[in-house]
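> The sequence and its predicted three-dimensional model are supplied below.
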Amino acid sequence: MDELTAAVLADAPAEELRRIPLPETYRAACLRAEEAGIFTGVDDKDVRKTLHVDEVPLPELAPDEVLVAVMASAVNYNTVWSATFEPLPTFGFLSRLGRQGGLAARHDLPYHVVGSDGAGVVVRTGAGVARWAAGDHVVVSCVQVDDHEPATHADAMLGTGQRIWGYETNFGGLAHYAVVKASQLLPKPGHLTWEEAGSSMLTAATSYRMLISDKGARIKLGDVVLIWGAAGGLGAFAVQLVKQAGGIPVAVVGSPDKAGAVRALGCEVVLDRTALGLGGGGTGDELAEQGKRLGRAIREAVGEDPAVVFDYVGRATFGISVFVLRRGGTVVTCGSSTGYRHEFDNRYLWMHSKRVVGSHAANLMEQAECNRLFDLGKLVPVLSEVHGLDEVGEAARRVQLNRHLGKVGVLCLAPREGLGVTDPERRAALGADTLNPFRRVAG
C-alpha cells in the first residue's frame, strides 16, 4: 500500500494529504485497445474476458481538475457497452479527445480506465480549483463539460464538448484514483456509506432529469407514470422520484422476484412483462396487441392510461410505450439497452398529440438537486450487492446478464463495506434499515 492510500484510509488531515507525494501508478479496471476485435463473430460477448484490473501510470492533473481517491464506485450499463466494444470501441472517443492536443492528449492511450460513478476523498486540486480542497468527501457526477462553450451555460447537456466521464474519457471511477473536473464534484451526504454514495449519482440524476427537470417530462401531482425496467438502477430511482412528486408509479419488471423488490420501494402497482407477453419487440399489429394488453392491465390497476412513460429499454418496448400513452402524454427516453433502432406506429403519436423527449444524463444543477434529495433522505440507495475491485469482471457480468437488482457497487480503496459515514446521528434518524431496500430483498 502506498503512503497516500494509507493516509486516506487513516482519515489523515488535509495538510498531510497535500504533503505526501502522489503514487506513480494505481490499480484500475481497464480495457485494452489490442482486444477491441476479440468479440467479432462471437454471440456471447462475456465482459469478464475484457475487463482487466491493471496497474497503470497516474496521469498529470490539469488546472481545472481534481484527483480523487476513489473509495467506491459502481457498474453502469455503459461499462458493459465499453467492455463489449459495442456499439463501437470507446478508444475512438479517446482518440478524438486526444486530438484536441495539450492535456487532452493524456486520454488517448492503449488502455481505457472505465467507470462513471464514484465517491471518495479529494487528495489534489489543480491550480485553477478554488471550491474544493484536499480531504473533502465528494461524490462524482458522470458529466464532463467545456465551460468555455456558450451552450454549457444554458444547459450543459447541450454543449458539443459534453462527455461522459469514464466512457468517453479516460481515468474513470472503477479505480483507486480518478481524475475529474472540479465541475463534476458534489458534497457526499454524510449519512451514506462510501458504497451507497458511490453507486447512485449516474442513474439517480439521469432519472431526475427525465422526470422532474424542465428538460424532461416535468411530472406533476397525480400523474400516472409507466416505468419499464423498474428493478434496475434507473427504474428504481424513477419509482422513488414519482412517489416523492406525488405521482402514481406503474412498474414493469421481468420476474416475480423483481416484482417483490420494487414493492419494497413502496410501489403498489407492479406488472410482470413476461406474464403479459410484453417486450419481445415486433412490428405493426404485434406491437399494438402488446400495447392493448398492457393498457388494459394499467387501467384495471389505476383507472386510466399513463401520462408519462419512462423508457430506457429501447427497441423491445418503445413502440408499446408510444401506444399506451394517454392523449397528450410524453415518452421520455435516455437509452436503448435492447437496440437503438425503434419502430412505432406514428399515427398514435401525431393524431393523439403525444411527445417523445430525449434525455441524456443531467447537468450539474440537476445533479445537485438530486444529491440534495439523498441528503434529505427523500431518495435512498438501491444497492443489491457489492464486489471488490478485483471482482469487477464478475460484477459487470451480472449487469450484462440482467441478473442484478438496482445497483451493483464496487469497493475501490475502501477495505470493507459500511465505512464513510460522517453523520451517524442523521443515519439513525432516517433509519439505517430503510436505506437499501434492494439489499434486504436480495438477501
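Good, I have the coordinates.

> And the contacts of stretch 343-362?
With C-beta atoms under 8 Å, 6 or more residues apart in numbering as the test, stretch 343-362 has contacts from 141-143, 157, 164, 202, 205-206, 208-210, 213, 215-217, 283-284, 287-288, 315, 318-319, 321-323, 325, 327-334, 370. Backbone N, C-alpha and C define where each C-beta goes, glycine included.

> Give the PyMOL command for selecting the buried subset of those.
A single PyMOL command is used to select the members of the contacts of stretch 343-362 judged buried by 16 or more other C-beta atoms under 10 Å:
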select buried, resi 141+142+143+157+164+202+205+206+208+209+210+213+215+216+217+287+288+315+318+319+321+322+323+325+329+330+331+332+333+334+370
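
> Quick one: mark the members of the contacts of stretch 343-362 that sit in strands.
If you go by DSSP state E, the contacts of stretch 343-362 have Val143, Ile164, Thr330, Val331, Val332, Thr333 in strands.

> Tabulate these in JSON lines, adding columns for distance to Pro249 and pLDDT.
As requested, the ones in strands among the contacts of stretch 343-362 are exported to JSON lines (distance: C-beta to C-beta, whole Å; pLDDT from 0 to 100):
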{"residue": "Val143", "distance to Pro249": "26", "pLDDT": "97"}
{"residue": "Ile164", "distance to Pro249": "27", "pLDDT": "97"}
{"residue": "Thr330", "distance to Pro249": "15", "pLDDT": "98"}
{"residue": "Val331", "distance to Pro249": "16", "pLDDT": "97"}
{"residue": "Val332", "distance to Pro249": "14", "pLDDT": "97"}
{"residue": "Thr333", "distance to Pro249": "17", "pLDDT": "97"}
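
> can you name the two of those residues that are farthest apart?
Ile164 and Thr330 (24.1 Å; C-beta to C-beta).

> follow-up on the earlier one: out of the ones in strands among the contacts of stretch 343-362, which is nearest to Glu385?
Using C-beta to C-beta, the ones in strands among the contacts of stretch 343-362 come closest to Glu385 at Ile164, 23.6 Å.

> Tell me if I'm right that the closest one and Val140 touch.
No - counting by C-beta atoms under 8 Å, Ile164 stays clear of Val140, with 11.7 Å between them.

> Confidence-wise, which helix or strand of this structure is lowest on average?
helix 437-442 (a mean of 78; mean pLDDT, DSSP states H and E).

> show me where pLDDT drops low in the stretch 101-250 of the chain?
For the stretch 101-250 of the chain, applying pLDDT under 70 flags no range at all.

> quick one: the strands in it?
111-113, 119-125, 137-140, 143-144, 163-164, 177-181, 185-187, 224-227, 248-253 (DSSP state E, counting those that start in this stretch).

> The stretch 301-443 of the chain now?
For the stretch 301-443 of the chain, the strands defined by DSSP E, counting those that start in this stretch cover 308-311, 330-333, 355-358, 383-388, 407-411.

> Just the CA trace of the longest one, in PDB.
What it means is strand 383-388. Extracted in PDB, the C-alpha atoms of strand 383-388 (Å, rounded to 0.1, in the frame of the first residue of the first chain):
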ATOM      1  CA  LEU A 383     -27.600  -1.300  -3.900                       C
ATOM      2  CA  SER A 384     -28.300  -5.000  -4.000                       C
ATOM      3  CA  GLU A 385     -24.700  -6.300  -4.000                       C
ATOM      4  CA  VAL A 386     -21.100  -5.100  -3.500                       C
ATOM      5  CA  HIS A 387     -17.900  -6.500  -5.000                       C
ATOM      6  CA  GLY A 388     -14.200  -5.800  -4.700                       C
END
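
> Walk me through which strands that strand pairs with, and which way each runs.
strand 407-411 (parallel) (DSSP bridges).

> okay, the angle between the strand it pairs with and strand 119-125?
50 degrees (axes from the mean of the first three to the mean of the last three C-alpha atoms, to 10 degrees).

> how deep is the closest residue to Asp146 other than its chain neighbours tucked in, by neighbour count?
With C-beta to C-beta, 6 or more residues apart in numbering as the criterion, Asp146 has its nearest non-adjacent residue at 2.9 Å, and that residue is Gly161. By other C-beta atoms under 10 Å, the residues close to Gly161 number 15.

> helices and strands around the longest strand along the chain, which ones?
Using DSSP E, we find that the single longest strand of the chain is strand 65-75. In terms of contacts (3 or more C-beta pairs under 8 Å, 6 or more residues apart in numbering; DSSP states H and E), strand 65-75 is packed against helix 3-9, strand 119-125, strand 177-181, helix 194-197, helix 392-400, strand 407-411.

> in the fourth one, what counts as buried?
So the one you mean is helix 194-197. For helix 194-197, by 16+ other C-beta under 10 Å, it's Trp194, Glu195, Glu196, Ala197.

> Can you list the helices and strands that that helix packs against?
strand 65-75, strand 119-125, strand 383-388, strand 407-411.
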